[in-house]
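Trainee: sequence plus the predicted model coming up.
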4 protein chains.
Amino acid sequence: MREQENFNQEEKEKLPRGIDKHERILKAALKVFAEKGFYNTRISEIAKEANVADGTIYLYFKNKDDLLISLFEEEIGKICQSMREEMNKTDDLVEKLRIFALGHLNRILKNRELAEVIQVELRQSAKFMREYVNKGFVEYINFVREIIREGQEKGVFRNDVAPGIVKRAFYGALDEMARYWILSPIKKYNPIDCAKAISEIFIRGLLAKPQGNE
Amino acid sequence: MREQENFNQEEKEKLPRGIDKHERILKAALKVFAEKGFYNTRISEIAKEANVADGTIYLYFKNKDDLLISLFEEEIGKICQSMREEMNKTDDLVEKLRIFALGHLNRILKNRELAEVIQVELRQSAKFMREYVNKGFVEYINFVREIIREGQEKGVFRNDVAPGIVKRAFYGALDEMARYWILSPIKKYNPIDCAKAISEIFIRGLLAKPQGNE
Amino acid sequence: MREQENFNQEEKEKLPRGIDKHERILKAALKVFAEKGFYNTRISEIAKEANVADGTIYLYFKNKDDLLISLFEEEIGKICQSMREEMNKTDDLVEKLRIFALGHLNRILKNRELAEVIQVELRQSAKFMREYVNKGFVEYINFVREIIREGQEKGVFRNDVAPGIVKRAFYGALDEMARYWILSPIKKYNPIDCAKAISEIFIRGLLAKPQGNE
Amino acid sequence: MREQENFNQEEKEKLPRGIDKHERILKAALKVFAEKGFYNTRISEIAKEANVADGTIYLYFKNKDDLLISLFEEEIGKICQSMREEMNKTDDLVEKLRIFALGHLNRILKNRELAEVIQVELRQSAKFMREYVNKGFVEYINFVREIIREGQEKGVFRNDVAPGIVKRAFYGALDEMARYWILSPIKKYNPIDCAKAISEIFIRGLLAKPQGNE
DNA sequence: CATGAATGAGTCTTCATTCAT
DNA sequence: TATGAATGAAGACTCATTCAT
C-alpha cells in the first residue's frame, strides 16, 4: 500500500481512490466551492479534484444544487452533534455561552472551507432555494436560544430581552468575526480572545444582577 | 422627427439624459439583483426593468461586475453620509451606539433591496472580486470602532476589549437580525425593540462601571 | 453588390447573408435533417449551413423540436395551397385523382429534401410529439377523401368503400413509391409513369360501372 | 449459497441461459423501442425491462444499432415464413392478393409493437444505416411482385403496369392504413373491411378483363 | 449616445459503452 | 457469462458582450 502511494508521487495531491466516492466527491465539492463559490465552480473541477469522471458525480448527486445541499446537510449535522456534546459538559448556563462562542470560532478555523461555504453559499441558497430550509442550521442557532430561555427562567439572565433576538445577536456577533478571518488575508485576533471578548460582552449585558467588579 | 428633437432641446441640455439613464440602470439592477441574486440575474432583465436597451448598459458600466460594484459604491456612500450626520447629533458615546443600532436597522427596513444585495452579494464579491475592497463599507463599520475607541479613551467603556472585535461583534449582531427580517417571510420583532435590545446588551457589556440601577 | 459576391467565391456554397435569417435557418435545417435525420443532426451543423451562429437559431426558434415543427408547418402549408390550385383546374373527379397523383410525385421529386423529412421525421414526431397534430398534413390527405366522397355522391365511384379507407390507400400507394425514390439510389420509374399507373389502378378499381374497353 | 447453486444445476445445463437472455433482450427492446422510439430509448431501460444488467446486452449484441437490426432480421424472417405458408394455400393469384392484404393487416394488429418499430424505426435506419439492406423486408414485399408478375404471365392481370410499381402501391396502401391504426388512438375501420376494400380496389384495377358482375 | 440582433464561448448533463470483479 | 459502477465524449442551450446601424 505504502509502496503504491510512493510509486506515483504526482497522484498525491488527488484524493485516494480507495475512499467511498460519495465522500470523495463531497470533499472535493467543499474544497472547490469554498475556493471559488458555487456559481464559479464547474462540475468538471469537482470531478477532477475528486479524481472521478464528470459523469460519476451524477451517480451520487442529482445535480449541482443537490451537491451543495447535501454538503450542508451532512456537515451541519455533524457539527450540531459535536457542539451539543461539548455544551452538555456543564450545567452552568453562563459557561455554556462561553463554550458555544469558543466552539463556534474554533470549528470555523478548523473547518475553514465549510465555514466559507456556509457563510457565503448558504446565504444564497436561503434566498434562491426558498423551499429548502436547513433544519440543521436552525437547530444549531437554537442552542443559544435555549441557553437564554433557560437562564431567564432560572433568573440568571435578564427577563426583558427576547431570546429570539439574543440568539441572533450572539450568533451574528460571532459569525461576523468569523467572516473577517475567512475573508481577510490577515488574522489579527485569535479565536480564544475573540470568543472570550464576545461572550463576556453578552454575559455582562445579559446577567440579571450585574456583578460588582471583574 | 428632427423638429420634435428640436422641440425640447432645452430640456435635454439641462437634464442630461446620461445621468438619468445611469440612475435608472442602477435602480433596476438593485431591484433585480435583490430579487434574484447576482448570478441569477440576466443583463437583459436589468435592461428591461430600466427600460433601456441591453447594449446601453455597457455605455454606462464596464460589465456586470462593474454594475454590482458601482451599486455598492454609490449606495454605501450615501448611507455613510447620512449615518454620520445622525450620529453627530450627540456627543454621548453610549447614545451614539444606540443611534447606530437603530439607524442601521431602520435603513435596512427602508431600503430592503439594498440590504438584500449587500447581505448576500457583497459577501460573494468579497470573495470573488478579491481585488475590490469596499472602502465605503469599511468606513461604515468603523463608525462603531471609533465610538468604542473614544469611549475607552474617555473611560466610559472597558479597556480590556479590542475595538476591532467589538465593532464586528456589534455590526454582526445587528446584521444577523437584519438578515432574519430579510430572509424570513414572518417578521417577529420590530426594529426599535431589536435596536434597543441589542444596543443595551452591548452597552451593559461594555460599560466600565456597571450602573447599579435600570 | 455583385462585386462583393464575386469577391470571395468560397462563400458561394453558403446561403447568402442577405436573406431573412428565419428563412435561412429553416432552409438549412431542412437540408441537414433530410441528410442526417433529426436525431443525428446537430444544431451547430444547421447553424453552419445557415451561416449563422449557434445562438442565433434560438432567437428564431424555441428549440430543436420547434425547428422541425416549424418546418412542417410552413412547408406543408405551401404545398396544400399549390395542390389545391392545381386540382381546382378541373371538375372531373377522375381527372382530379390523376392530378393529385402526379402532383404529389412531382412535388416529391422537386422538393426531395422536404419529402425525406416528412417521410421519416414526421412519422417520428407523430409518435413522440403526440400533442402535435399536423393540421396541414391532414388537410392535404383529405383532398383525396373529398374527391372520393364527391364521386360517390355523384355516382361516379362505387358506393361500397369508405372514403376514409381509400384516401389512405391512395396516399399510401403514392407515398410508398416516393419512399422508394428517396431511399433508393437507383430510380427505376419516372413520376409520370408511376402516377399514371397508380391512379389508373385506383380509378379502375373505384369506378361504379367498369368501362368495357381501354 | 453454493448449495443452492448446485441444487438446480441440471436445469441450468439443459436450458442454456444464453439463448434465454438473447430472447428476453430482444423482446424487451421491441417493447421499449415501440413505446419510445429508437432514439428515445435508453439501453438501461431495455436492460431493466429484460431483467438483465446493462452490460449483459453487450454480450449478445454489438451495440444499440445491432440490437435494432437483429430485431428486424429475426422478426421479419418469421413473418415472411408464415406469410409464405398462408399464401401457398391457394394457387388463385387473385386470392393470394386478398390473403396478403388480410395477412398483413392482421399481423400488424397482432404484433402491434413490431409494426410500430418497423413503420417508424426501419424507415430511419433505411436512411441512416445505409449499409444495411433488410433482405427480409425485400423478400416480404416481393411476394406481391411475384403475384403480379405471374398474373401478368398467365393473362390474369393487365400487362401494362410494372409489377415493381404495383408491389409498392399495394404494400403502401396497406401500410398507410396500418399506420393510421398504430398512430391514431381511435380505430375506425377493422382489418377485414380494410383488407377487403383495398385488395378489391387493386384487383379490379388490375384485372385484364373487368368482370361484369359484383 | 442608443439600439437590439447577432455572436460563440462555455457548461451542465446524458448515456452508450467498457471493464474490473 | 454476468454485473453495474464508472467513464468521458458529445451536444443543446444560455447569456454576457459586441457592433453595425
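Mentor: Cool, the structure landed. Quick caveat, the model's predicted, so the values are computed rather than measured.
Trainee: the residue of chain A found nearest chain D: neighbour count?
Mentor: Per C-beta to the nearest C-beta, residue A:59 is where chain A lies closest to chain D, at 12.2 Å. All C-beta atoms are positioned from the backbone trio N, CA, C, and that covers glycine. Counted with other C-beta atoms under 10 Å in any protein chain shown, the neighbours of residue A:59 add up to 11.
Trainee: how near is it to residue D:52?
Mentor: 20 Å (C-beta to C-beta, to the nearest Å).
Trainee: state which helix of chain A is the longest.
Mentor: helix A:64-87 (DSSP state H).
Trainee: against which helices or strands is it packed?
Mentor: helix A:21-36, helix A:93-110, helix A:112-117, helix A:123-128, helix A:135-153 (3 or more C-beta pairs under 8 Å, 6 or more residues apart in numbering or on different chains; DSSP states H and E).
Trainee: what comes up buried for the second one?
Mentor: Spelled out, it's helix A:93-110. A:93-94, A:96-105, A:107-108 (16 or more other C-beta atoms under 10 Å in any protein chain shown).
Trainee: make JSON lines from those and add pLDDT and distance to residue A:185 to it.
Mentor: Putting the buried residues of helix A:93-110 into JSON lines (pLDDT from 0 to 100; distance: C-beta to C-beta, whole Å) gives the following:
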{"residue": "A:93", "pLDDT": "95", "distance to residue A:185": "37"}
{"residue": "A:94", "pLDDT": "95", "distance to residue A:185": "35"}
{"residue": "A:96", "pLDDT": "96", "distance to residue A:185": "33"}
{"residue": "A:97", "pLDDT": "96", "distance to residue A:185": "30"}
{"residue": "A:98", "pLDDT": "96", "distance to residue A:185": "29"}
{"residue": "A:99", "pLDDT": "96", "distance to residue A:185": "29"}
{"residue": "A:100", "pLDDT": "97", "distance to residue A:185": "27"}
{"residue": "A:101", "pLDDT": "97", "distance to residue A:185": "24"}
{"residue": "A:102", "pLDDT": "96", "distance to residue A:185": "24"}
{"residue": "A:103", "pLDDT": "96", "distance to residue A:185": "25"}
{"residue": "A:104", "pLDDT": "95", "distance to residue A:185": "22"}
{"residue": "A:105", "pLDDT": "94", "distance to residue A:185": "18"}
{"residue": "A:107", "pLDDT": "92", "distance to residue A:185": "21"}
{"residue": "A:108", "pLDDT": "91", "distance to residue A:185": "16"}
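Trainee: just the residues you listed that are near chain C?
Mentor: Among the buried residues of helix A:93-110, not one lies near chain C by C-beta under 8 Å from any C-beta of the partner chain.
Trainee: can you pull the phi and psi angles for residue A:174?
Mentor: Main-chain dihedrals, residue A:174, degrees, to the nearest 10: phi -60, psi -40.
Trainee: check it and give its pLDDT.
Mentor: Per-residue confidence (pLDDT) for residue A:174: 96.
Trainee: wait, it sits on residue B:173?
Mentor: No: judged on C-beta atoms under 8 Å, residue A:174 makes no contact with residue B:173 at a distance of 9.2 Å.
Trainee: and the nearest residue to residue A:75 once chain neighbours are set aside, how far from residue A:34?
Mentor: Nearest non-adjacent residue to residue A:75, counting by C-beta to C-beta, 6 or more residues apart in numbering or on different chains: residue A:114, 5.3 Å away. The spacing between residue A:114 and residue A:34, counted by C-beta to C-beta, is 7 Å.
Trainee: again, but for residue A:83
Mentor: 21 Å.
Trainee: between the two, which has more neighbouring residues?
Mentor: More neighbours surround residue A:34 than the other of residue A:83 and residue A:34, with 23 against 18 (other C-beta under 10 Å).
Trainee: which residues touch the more buried one?
Mentor: A:112, A:113, A:114, A:116, A:117 (C-beta atoms under 8 Å, 6 or more residues apart in numbering or on different chains).
Trainee: could you dump those residues to a markdown table with neighbour count and pLDDT?
Mentor: Converted to a markdown table, the contacts of residue A:34 look like this (neighbours: other C-beta atoms under 10 Å in any protein chain shown; pLDDT from 0 to 100):
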| residue | neighbour count | pLDDT |
| --- | --- | --- |
| A:112 | 14 | 88 |
| A:113 | 17 | 91 |
| A:114 | 21 | 91 |
| A:116 | 21 | 87 |
| A:117 | 24 | 88 |
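Trainee: could you dump those residues to a markdown table with distance to residue C:186?
Mentor: Output for these, formatted as a markdown table (distance: C-beta to C-beta, whole Å):
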| residue | distance to residue C:186 |
| --- | --- |
| A:112 | 73 |
| A:113 | 68 |
| A:114 | 70 |
| A:116 | 69 |
| A:117 | 66 |
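Trainee: quick check: residue A:204 touching residue B:202?
Mentor: No: with contact defined as C-beta under 8 Å, residue A:204 does not count as touching residue B:202 (9.6 Å).
Trainee: looking at these two now, which is surrounded by more residues?
Mentor: residue B:202 (28 against 20).
Trainee: returning to what we had before: figure out which of the helices and strands packed on helix A:64-87 is closest to residue C:160.
Mentor: Nearest of those to residue C:160, taken as C-beta to C-beta: helix A:123-128 at 68.2 Å.
Trainee: which other helices and strands does the host helix or strand of residue A:58 contact?
Mentor: Using DSSP states H and E, residue A:58 falls within helix A:54-60. For helix A:54-60, the elements it packs on are helix A:21-36, helix A:43-50, judged by 3+ C-beta pairs under 8 Å, 6+ apart.
Trainee: for the residue sitting nearest the centre point of chain A, give me its contacts.
Mentor: For chain A, residue A:115 is the residue whose C-alpha lies nearest the centre (C-alpha atoms, centre = their mean; 4.7 Å). Contact partners of residue A:115, counting by C-beta under 8 Å, 6+ apart, are A:107, A:108, A:178, A:182.
Trainee: leaving out sequence neighbours, find the closest residue to the first one.
Mentor: In this structure, residue A:107 finds its nearest non-sequential neighbour in residue A:79, 6.2 Å apart by C-beta to C-beta, 6+ apart.
Trainee: quick one: the one you found and residue A:140 touch, right?
Mentor: Yes: here residue A:79 reaches residue A:140: they are 6.7 Å apart, a contact under C-beta under 8 Å.
Trainee: mind checking how far residue A:187 is from residue A:112?
Mentor: As judged by C-beta to C-beta, residue A:187 and residue A:112 stand 11 Å apart.
Trainee: can you pull the residues of chain A lying near DNA strand F?
Mentor: Contacts of chain A with DNA strand F, taken as C-beta under 7 Å from any atom of the strand, map to A:21, A:52, A:53, A:54, A:55, A:56, A:58, A:59.
Trainee: which among those residues count as buried?
Mentor: A:21, A:52.
Trainee: show me the two of the residues of chain A next to DNA strand F that sit farthest apart.
Mentor: Across these, no pair lies farther apart than A:21 and A:54, at 12.9 Å, counting by C-beta to C-beta.
Trainee: who touches both of those two?
Mentor: Counting by C-beta under 8 Å, 6+ apart, nothing touches both residue A:21 and residue A:54.
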